[in-house]
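*Asks:* only geometry, no sequence info:
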């Protein structure tokens, strides 16, 4: 299995502006969120203490969403097929999942985890899944087979969820909510997807570079990018990780990279993921138009 570099990066120019907080330099904290590098950028005399609180919040949320922590709420749901008294954050995230699932005509569907595991297991052996294995895995997918309410989340035996197409953005949103409640601003949160609280300390937008080319000026907004071949299951790098729940296979995509901005990083994350399975720019725009203030910043053809 091949993993490519991240799709978004803060431009070095962010630290080169002559007017940027000369008395209080921008502090950068680095950590990990859901197995990916996370960063926090802020100019504040208590930056280290603030960053420590952010690290604690990320760890708390990983206890809910992580596929790497065996005792996370998501892993418990995947093992047992039911999770009683689910955390509010998981319920809130799955509510957004349902909305994007409907808006994308089923393209965004976190029940693809059995398919993902099928490809991952075969890739570890230097192969691709055989048709019978894919048929069995696809039988375990389908968001309509999952029931969600405040008392329990339940799904059919053998099913499993992955929230990798939305949880990184959701964690960025939760960190932003925490910091905003503390009265803090001019902060850039990066958990694999970006969430800007305000602007840079000098009032300029944060310049975010796209891997496929170009730059987005980000202020008081979120940004997410998805690439069909960002992670691949074959040595040639042609079988991508964004699996189509409707066909059960890694379908060839018309897109090299799609970048979406929105008020919420979770929403931008989910829509950019679903967009990779859209055949035309018109289809992408149609999905985005069903949500308020969502913009397709870039859609680079394959």
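*Replies:* Everything's here; your move. Since we're looking at a predicted model, the values are computed, not measured. Residues are numbered from 1 along each chain as shown.
*Asks:* shaky segments in the chain?
*Replies:* 1-7, 10-23 (pLDDT under 70).
*Asks:* and the longest helix for it?
*Replies:* Longest helix of the chain, by residue count under DSSP state H: helix 47-65.
*Asks:* and the helices in the chain?
*Replies:* 47-65, 73-80, 88-103, 113-124, 131-138, 167-181, 265-275, 281-289.
*Asks:* so which of these gets nearest residue 249?
*Replies:* Across the helices of the chain, the minimum distance to residue 249, taken as CB to CB, is reached by helix 131-138, at 6.6 Å. In this view, the C-beta of every residue, glycine as well, is placed from N, C-alpha and C.
*Asks:* got the angle between the closest one and helix 113-124?
*Replies:* Relative orientation of helix 131-138 and helix 113-124, computed by axes from the mean of the first three to the mean of the last three CA atoms, to 10 degrees: 150 degrees.
*Asks:* quick one: buried residues of helix 131-138?
*Replies:* Neighbour-count burial for helix 131-138, counted by 16 or more other CB atoms under 10 Å, picks out 133, 134, 137, 138.
*Asks:* now do the longest helix of the chain against helix 73-80, angle only.
*Replies:* 10 degrees.
*Asks:* gap between helix 47-65 and the chain center?
*Replies:* 17 Å (CA atoms, centre = their mean, to the nearest Å).
*Asks:* ok and it relative to helix 167-181, angle-wise?
*Replies:* Using the same axes, to 10 degrees, helix 47-65 lies at 140 degrees relative to helix 167-181.
*Asks:* what residues of helix 47-65 count as buried?
*Replies:* 47, 50, 51, 54, 55, 57, 58, 61, 62, 64, 65.
*Asks:* and the third one, what does it touch?
*Replies:* Meaning residue 51. 27, 29, 40, 42 (CB atoms under 8 Å, 6 or more residues apart in numbering).
*Asks:* can you redo those as TSV with distance to residue 108 and neighbour count?
*Replies:* Below are these laid out as TSV (distance: CB to CB, whole Å; neighbours: other CB atoms under 10 Å):
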residue	distance to residue 108	neighbour count
27	35	16
29	31	16
40	28	22
42	32	25
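*Asks:* go through those residues and say which is closest to residue 102.
*Replies:* Nearest to residue 102, judged by CB to CB, of these is residue 40 at 33.4 Å.
*Asks:* surely the closest one is in contact with residue 191?
*Replies:* No - in this structure residue 40 lies outside contact range of residue 191 using CB atoms under 8 Å: 9.3 Å.
*Asks:* so what sits against both of the two?
*Replies:* residue 175.
*Asks:* picking up where we left off before, among the contacts of residue 51, name the ones in strands.
*Replies:* 27, 29, 40, 42 (DSSP state E).
*Asks:* with distance to residue 75 added, can I get those residues in a markdown table?
*Replies:* Output for the ones in strands among the contacts of residue 51, formatted as a markdown table (distance: CB to CB, whole Å):
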| residue | distance to residue 75 |
| --- | --- |
| 27 | 33 |
| 29 | 27 |
| 40 | 26 |
| 42 | 32 |
